[in-house]
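Engineer: Based on what follows, work out the 3D shape:
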Amino acid sequence: MDVFEAIRGRRSIRAYIPSEIGLDKLKMILEAAIWAPSAGNLQPWEFVVIDDKDVMRHLAKASLHQMWMSEASAIVAVCADVDRTGAIYGERGRRLYAIQDCAAATQNMLLASYSLGLGTCWVGAFYEEEVRRILRLPTNVRPLALVPIGQPGESPSPPARRSLREVIHHNVFGKPWSI
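Structural biologist: Below you'll find the model as predicted:
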């Protein structure tokens with residue numbers, strides 16, 4: 001699949017058909033995640049793969065009761081070891097670079113999943129301390145995203161997007177770029 005096709009075709013899926021995604025596909029998705037760029041190549045990501053339905057239900061409740069999440073075949077918790085980037089880049093590494101790095105890894109997971117015919121949704125609305133407790137995360141590991149993965153049970157239409165003219169500035173903010 002062409003990367004532009006994956007970027008334009010991927011949707012947030014909030015309904016899943018009960019099925020197994022297979023260890024091979026899951027490994028491919030996680031392999032795509034670890035090839036994301038990271039500040040100083042420090043790779044602060046940690047992934048918790050959850051396929052226990054009870055744990056998935058607890059995570060769904062901790063995610064503002066988004067119970068549809070527990071219908072997926074698995075949930076991958078994308079977490080950042082903030083000490084990895086903090087040791088080199090200080091507070092900027094802990095508060096920004098680790099988050100940026102894990103966001104890039106999450107996007108790779110979403111695109112790889114779509115290219116394999118699977119559905120995902122990037123879930124960031126959750127009670128962080130509750131997710132930390134459920135997953136037994138150490139204090140230096142921060143949960144940043146929960147990604148349900150499974151066979152899509154819906155096919156949403158493309159959402160509206162702002163035009164390039166609205167979002168592109170030339171040389172300085174506010175100066176239009178004639179494209």
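Engineer: What sits closest to Ala73 if chain neighbours are left out?
Structural biologist: Careful, residue 73 is Ser; it's not Ala. Gly150 (4.0 Å; Cβ to Cβ, 6 or more residues apart in numbering). All C-beta spots, glycine's among them, are computed from the backbone N, C-alpha and C.
Engineer: Check for me that the one you found belongs to a helix.
Structural biologist: No: Gly150 is assigned strand when assessed by DSSP: H, G, I helix; E, B strand; the rest coil, not a helix.
Engineer: Pairing partners for it in the sheet, please.
Structural biologist: Judged by DSSP bridges, the bridge partners of Gly150 are Gly119.
Engineer: Contacts only, for it.
Structural biologist: 13, 16-17, 19, 21, 71-74, 118-119 (Cβ atoms under 8 Å, 6 or more residues apart in numbering).
Engineer: Now, these that are in strands?
Structural biologist: Among the contacts of Gly150, the members found in strands (DSSP state E) are 16-17, 74, 119.
Engineer: export the residues you listed to JSON lines and tack on distance to Pro159?
Structural biologist: JSON lines is the format used below for these (distance: Cβ to Cβ, whole Å):
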{"residue": "Tyr16", "distance to Pro159": "20"}
{"residue": "Ile17", "distance to Pro159": "22"}
{"residue": "Ala74", "distance to Pro159": "25"}
{"residue": "Gly119", "distance to Pro159": "15"}
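Engineer: Do a quick rundown of the strands in this structure.
Structural biologist: So, for the chain - with DSSP E - the strands run 16-17, 45-50, 74-81, 119-120, 141-152.
Engineer: The third one vs strand 45-50, what angle?
Structural biologist: Angle of strand 74-81 versus strand 45-50, following axes from the mean of the first three to the mean of the last three Cα atoms, to 10 degrees, is 150 degrees.
Engineer: Pick the most deeply packed of the strands of the chain.
Structural biologist: strand 119-120 (a mean of 26; mean count of other Cβ atoms under 10 Å).
Engineer: so for that one, what's the average pLDDT?
Structural biologist: Average pLDDT, strand 119-120: 98.
Engineer: I'd say His58 and Leu135 touch.
Structural biologist: No: using Cβ atoms under 8 Å, His58 makes no contact with Leu135, being 9.5 Å away.
Engineer: What is the least confident helix or strand in this structure?
Structural biologist: helix 164-167 (a mean of 93; mean pLDDT, DSSP states H and E).
Engineer: Contacts for that one next, please.
Structural biologist: By Cβ under 8 Å, 6+ apart, helix 164-167 touches 176, 179.
Engineer: Using PDB, write out the CA atom coordinates for that helix.
Structural biologist: Extracted in PDB, the C-alpha atoms of helix 164-167 (Å, rounded to 0.1, in the frame of the first residue of the first chain):
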ATOM      1  CA  LEU A 164      -3.600  24.200   2.900                       C
ATOM      2  CA  ARG A 165      -4.300  27.900   2.400                       C
ATOM      3  CA  GLU A 166      -5.700  28.100   6.000                       C
ATOM      4  CA  VAL A 167      -2.700  26.400   7.700                       C
END
